[in-house]
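Novice: coordinates only, sequence not included:
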Ligand code: TXA
Ligand code: MG
């Protein structure tokens with residue numbers, strides 16, 4: 001199958017493909033999603049096939065209106081309404097009980113995840129197709145999520161009908177996933193750009209981190225979080241938080257003879273102008289998230305070892321470290 005790259009002025013064509021049960025990758029503010037009509041069973045099955053995704057891993061349903069959530073989840077809890085008002089459209093996925101969608105969407109769970117993405121072209125696509133869309137990240141399962149249409153093309157060309165190209169995404173890591181199925185005890189299942197602190201402020205109640213984000217030995221509540229993920233072919237090593245130039249030098253010496261790439265902010269990279277590198281910007285935490293997947297993919301083209309700068313695990317640093325730890329298999333470069 002030829003995979004067409006469509007521009008944001010070709011929404012009609014993209015919507016027609018969705019209505020025909022084809023797969024169309026769509027842009028969002030986080031990463032590109034692999035879109036299909038959530039109520040077309042055959043289309044949803046094709047999504048799992050194209051990605052090579054395990055069938056117990058449920059999909060997020062993307063909506064353009066709150067009424068589309070109510071259609072499947074029934075009456076909406078006050079916690080949901082409060083959060084939707086502040087964070088939608090945006091990088092927050094909310095899990096609700098009761099769902100009128102098929103097992104292949106929910107992975108057989110009694111809950112369903114909903115999100116309204118902050119991208120006008122995709123909101124138009126949902127409206128024009130008059131469907132709600134499943135949208136896992138549009139990468140091959142296990143690989144870093146795609147933040148450009150080219151990343152999607154690299155992984156899925158020939159397997160999907162089209163990619164709606166709206167340039168690089170803003171946020172760079174996937175949405176925060178929270179479980180609202182018990183409104184008294186709200187859990188973050190996957191950290192993202194909407195932080196625990198921001199959620200607590202809006203809700204006026206404590207929000208908990210799923211145990212696996214705290215101890216790592218626990219089994220994650222979001223099925224997708226238990227799989228190997230975000231892994232380039234190169235080996236990724238985590239550098240100690242706030243590692244000094246000397247520590248980076250030691251790592252470069254340790255791996256001498258191999259093709260090494262540095263994934264770090266300018267502050268680190270300016271000390272190593274001759275090394276192969278991908279810049280995570282001037283030091284803003286949000287820039288780390290923005291460049292993470294794109295950096296892993298880019299360095300993976302030529303490097304065997306990737307040395308990555310780390311952040312303290314709080315605020316948006318929690319999302320960055322969650323993805324980076326998975327990409328590295330939890331391997332730290334330790335000096336001694
Ligand atoms: O930013 C995002 O969320 C992107 C864009 C495209 O919207 N989508 C995305 O989807 O990251 P995906 O499928 O790659 O990740 C969804 C995560 C998985 O870990 C999945 O297991 C979890 O959400 N999930 C979905 N429905 C769930 C449910 N009912 N209960 C628990 N976890 C759920
Ligand atoms: Mg994914």
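Specialist: That came in fine, so what should we check first? This structure is a prediction, so every number in the text was calculated from the model and none was measured. Ligands and ions are numbered 1, 2, ... in the order given.
Novice: Pick out the residue of the stretch 201-336 of the chain closest to ligand 1.
Specialist: In the stretch 201-336 of the chain, the residue that lies nearest ligand 1 is residue 224 (2.3 Å; Cβ to the nearest ligand atom). In this view, the C-beta of every residue, glycine as well, is placed from N, C-alpha and C.
Novice: And that residue, how far from residue 16?
Specialist: Distance of residue 224 to residue 16, given as Cβ to Cβ, to the nearest Å: 30 Å.
Novice: What of residue 125?
Specialist: For residue 125, the distance to residue 16 equals 11 Å [Cβ to Cβ].
Novice: still on that earlier bit, of residue 224 and residue 16, which one has the most company?
Specialist: residue 224 (22 against 16; other Cβ atoms under 10 Å).
Novice: I figured that one hits residue 57, correct?
Specialist: Yes. Counting by Cβ atoms under 8 Å, residue 57 is a contact partner of residue 224 at 4.7 Å.
Novice: For the closest residue to residue 149 other than its chain neighbours, name its beta-bridge partners.
Specialist: Closest residue in space to residue 149, ignoring its immediate chain neighbours: residue 165 at 3.8 Å, by Cβ to Cβ, 6 or more residues apart in numbering. Beta bridges link residue 165 to residue 7 when assigned by DSSP bridges.
Novice: Contacts only, for residue 165.
Specialist: Neighbour list for residue 165: 5, 6, 7, 8, 27, 149 [criterion: Cβ atoms under 8 Å, 6 or more residues apart in numbering].
Novice: so which of those would you say is closest to residue 117?
Specialist: Relative to residue 117, the closest of the contacts of residue 165 is residue 27; by Cβ to Cβ it sits at 8.3 Å.
Novice: Give me the buried positions along the lowest-mean-pLDDT helix or strand in the chain.
Specialist: The helix or strand of the chain with the poorest confidence is helix 211-215; it has a mean of 85 (mean pLDDT, DSSP states H and E). Neighbour counts over helix 211-215 (16 or more other Cβ atoms under 10 Å) mark 212, 213 as buried.
Novice: tell me which strands and helices the next helix or strand after that helix is in contact with?
Specialist: Later in the chain than helix 211-215, the nearest helix or strand by DSSP states H and E is strand 235-238. If you count contacts as 3 or more Cβ pairs under 8 Å, 6 or more residues apart in numbering; DSSP states H and E, strand 235-238 packs onto strand 305-308, helix 317-328.
Novice: would a markdown table of these with mean neighbour count and distance to residue 133 be doable?
Specialist: Shown next, in a markdown table, are the helices and strands packed on strand 235-238 (neighbours: other Cβ atoms under 10 Å; distance: least, Cβ to Cβ, whole Å):
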| stretch | mean neighbour count | distance to residue 133 |
| --- | --- | --- |
| strand 305-308 | 24 | 33 |
| helix 317-328 | 23 | 23 |
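Novice: What score does the residue of the stretch 201-336 of the chain closest to ligand 1 have for pLDDT?
Specialist: We note a pLDDT of 80 for residue 224 in this prediction.
Novice: and it, what is it in contact with?
Specialist: Applying Cβ under 8 Å, 6+ apart, we find residue 224 in contact with 57, 58, 190.
Novice: same for ligand 1: which of those are within range?
Specialist: Contacts with ligand 1 within these, as defined by Cβ under 6 Å from any ligand atom: 57, 58, 190.
Novice: Contacts only, for the closest residue to the second one other than its chain neighbours.
Specialist: For residue 58, ignoring the flanking residues on the chain, the nearest one in space by Cβ to Cβ, 6+ apart is residue 107 at 3.5 Å. By Cβ under 8 Å, 6+ apart, the residues touching residue 107 are 55, 56, 57, 58, 59, 223.
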